[in-house]
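>>> how would this look folded up:
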Amino acid sequence: MPTTTEDHSTSYARTDDRIVVTHRSRDTGRPLVLLDGQANNHHWWDGVRGDFDKTHRTISLGYRGTGTSDKPRDGYSTPRLAQDAVAVLDSLGIERADGYGTSMGGQVAQWIAVRHPGRALGCTSPGGPYAVERDTPVRRSLAQADPEAVRQALTDLMYSPGWLVRHSAGPHHTLGDPTMPPLARCGHLLASDRHNTWEALPSITVPTLILHTDHHRLTPARNVALLAGRIPDTRTHLFPGARHAYFEEGRPEAGTPVRDFFS
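Sure thing, here's the model as predicted:
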């Protein structure tokens, strides 16, 4: 049964492979699907959801493997996660929606855009052999055995030092879902690493907004030109000084180009 928190209701959808996916939404407004990053759940958007509530019916989902959604042993890929998002829309009776995906959510949004129109992509890449990958030091920092060291490395990649000084107590909404079992966390990592929409991107037929930052080591900014060169109708917007979680660090200004684009 759906539950209600403030003006958002929480419910669930069942995918075509019988996985239960939970989601949060409002009852009114133009539908906007919010797609979060790897190994995170809908709390990724807690700090910024309100920036869209006046113009949109925001819909966020807990990917399979996260939050209160089912946590299967397998079935993790960005096309599969895109189908899960479509299952959520189907359960709500929504035939068409705007979409805003950041990080791995941007990869998921690419697959939805290939098959269903209307997207915005933030801090993401096309994947595959043509993508510009993070450098070796970044990979090593995220592969450390000490969980606290990994959390610190991820924090530094997500937020600029000045912002962290001003928000040292948090909450920081983008540092992962602590409830994920190891198999699901590995599944999300493989889904992102194996993502490849290079050949499919030219088939996107709707206008697409590409957002990124100029100080970004997790997903290098050179991927913006790659995406813009493959998707026929794109606009780009660069946020100076921010890092991967630009949408949270740059709030509320970071929401403005997204709202303007969808309007």
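
>>> show me which residues of the longest helix along the chain are buried.
Criterion DSSP state H: the longest helix present in the chain is helix 78-91. Buried residues in helix 78-91, counted by 16 or more other C-beta atoms under 10 Å: 78-89. For glycine as for every other residue, the C-beta is placed from the backbone atoms N, C-alpha and C.

>>> adding pLDDT, write those residues out as JSON lines.
Shown next, in JSON lines, are the buried residues of helix 78-91 (pLDDT from 0 to 100):
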{"residue": "Thr78", "pLDDT": "96"}
{"residue": "Pro79", "pLDDT": "95"}
{"residue": "Arg80", "pLDDT": "97"}
{"residue": "Leu81", "pLDDT": "96"}
{"residue": "Ala82", "pLDDT": "95"}
{"residue": "Gln83", "pLDDT": "94"}
{"residue": "Asp84", "pLDDT": "95"}
{"residue": "Ala85", "pLDDT": "95"}
{"residue": "Val86", "pLDDT": "93"}
{"residue": "Ala87", "pLDDT": "95"}
{"residue": "Val88", "pLDDT": "95"}
{"residue": "Leu89", "pLDDT": "93"}
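
>>> adding distance to Asp46, write those residues out as CSV.
Below are the buried residues of helix 78-91 laid out as CSV (distance: C-beta to C-beta, whole Å):
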residue, distance to Asp46
Thr78, 23
Pro79, 27
Arg80, 25
Leu81, 20
Ala82, 23
Gln83, 25
Asp84, 20
Ala85, 19
Val86, 24
Ala87, 23
Val88, 18
Leu89, 21
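
>>> mind giving me the packing neighbours of the longest helix of the chain?
On a contact count with 3 or more C-beta pairs under 8 Å, 6 or more residues apart in numbering; DSSP states H and E, helix 78-91 meets strand 8-14, strand 20-25, strand 30-35, strand 56-61, helix 104-115, helix 182-193.

>>> hey, least reliable of those by pLDDT?
Lowest mean pLDDT of the helices and strands packed on helix 78-91: strand 8-14, a mean of 88.

>>> could you identify which of the helices and strands packed on helix 78-91 is most buried?
A comparison of the helices and strands packed on helix 78-91 by mean neighbour count, using mean count of other C-beta atoms under 10 Å, puts helix 104-115 on top with a mean of 26.

>>> ok now it, how far from the chain's centre?
Relative to its parent chain, helix 104-115 has a centroid offset of 9 Å by C-alpha atoms, centre = their mean, to the nearest Å.

>>> residues in contact with the longest helix of the chain?
11-16, 19, 21, 23, 31, 33, 35, 59, 61, 63-64, 95, 97, 99, 104, 107-112, 115-116, 127, 191-192, 194-195, 197 (C-beta atoms under 8 Å, 6 or more residues apart in numbering).

>>> again, only using 6 Å
Identification of contacts with helix 78-91 by C-beta atoms under 6 Å, 6 or more residues apart in numbering yields 13, 15, 21, 23, 33, 61, 63, 97, 107-108, 111-112, 191, 195.

>>> using CSV, please lay out those together with distance to His244.
Formatted as CSV, the contacts of helix 78-91 follow (distance: C-beta to C-beta, whole Å):
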residue, distance to His244
Ala13, 28
Thr15, 28
Val21, 25
His23, 24
Val33, 20
Leu61, 20
Tyr63, 18
Ala97, 25
Gln107, 14
Val108, 16
Trp111, 21
Ile112, 21
Ala191, 17
His195, 16
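
>>> determine the angle, from 0 to 180 degrees, between the longest helix of the chain and strand 30-35.
Calculated by axes from the mean of the first three to the mean of the last three C-alpha atoms, to 10 degrees, helix 78-91 forms an angle of 150 degrees with strand 30-35.

>>> ok, then the element right after helix 78-91?
Remark: after helix 78-91, the chain's next helix or strand is strand 98-102, criterion DSSP states H and E.
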